[in-house]
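# sequence first, predicted coordinates after that:
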Amino acid sequence: DVLRGGLLRSLWVGVVSTLLTIVLAAPIAMVMGAGAPAAVAIAAALSMSSTAAVLRLLQQRRELEQTPGRLALGVLIAQDLLVVGMLGAIPVLAVWAGADGAGGASQPLLRIAQLVALTVGGIGLLLIVGRWALPRVMEVAARGAGAEILLVLGGATALGAAATTSALGMSAELGAFLAG
């Protein structure tokens, strides 16, 4: 019912506004002296806003139930989802900038394609495990033990996901974010 109430449309507004900000800010960063890969990274960072700060402000003003507040919430949710792709794109931007450290400078397009496939596959695998396997493990752990085991299991999940993304050439932060 909430999605029918405009949240889905506001998610699209969030995606479009974030991508539009990146498209408009990257050339400005390039004019200011940044290379193209760095300009894209800078623009992506500038396109994000703090979900916690904006939600707190909307709650204080009692605007979450109004149309502008709902639109802002949809934009924030879209940005929270897009940040996963942005974090996954960092290794690709590094290869584009020539800083891959894997000797891939002679064939950058092939190296970028490999990194994109590895990134999408790695993130997809983590999401599949997190969606189907992890809830079952948590359920079994919750039945037989106290809250401490769930805390340890949650920490181990975050560390395991961070180690996995790091081993795949992505940031450990992305893994911890996905585990959360």
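Here it is on my side, so go on. Numbers count the residues shown, from 1 in each chain.
# where's Ile149, which helix or strand?
helix 147-167 (DSSP states H and E).
# quick check: what element follows that helix along the chain?
In N-to-C order, the element after helix 147-167 by DSSP H and E is helix 172-179.
# centre of the chain to that next one, how far?
Its chain's C-alpha centre and that of helix 172-179 lie 9 Å apart, by CA atoms, centre = their mean, to the nearest Å.
# next one: stretch 148-158
22 Å.
# buried set for that stretch?
Residues of stretch 148-158 classed as buried by neighbour count (16 or more other CB atoms under 10 Å): 153, 157-158. Glycine gets a C-beta too; all of them are placed from N, C-alpha and C.
# ditto for stretch 6-21
Quick answer for stretch 6-21 (16+ other CB under 10 Å): 10-11, 13-15, 18, 21.
# got a list of what the residue lying farthest from the centre of the chain touches?
The outermost residue of the chain relative to its centre, with distances by CA atoms, centre = their mean, is Gly144 at 33.6 Å. By CB atoms under 8 Å, 6 or more residues apart in numbering, the contact list for Gly144 is empty.
# distance check, it against Gly130.
Separation of Gly144 from Gly130 (CB to CB, to the nearest Å): 21 Å.
# rewinding a little: and the residue farthest from the centre of the chain, what's its pLDDT?
Gly144 is assigned 72 on the pLDDT scale.
# do Phe177 as well
80.
# how much space separates it from Ala52?
Distance from Phe177 to Ala52, by CB to CB: 15 Å.
# for the longest helix anywhere in the chain, packing partners?
For the chain, the longest helix by residue count, based on DSSP state H, is helix 67-96. Judged by 3 or more CB pairs under 8 Å, 6 or more residues apart in numbering; DSSP states H and E, the packing partners of helix 67-96 are helix 8-31, helix 36-46, helix 51-60, helix 108-128, helix 172-179.
# out of the ones you listed, flag the one nearest Thr164.
Evaluated over these, closeness to Thr164 peaks at helix 172-179, with 5.6 Å, by CB to CB.
# what helices or strands is the closest one leaning on?
helix 67-96, helix 108-128, helix 147-167.
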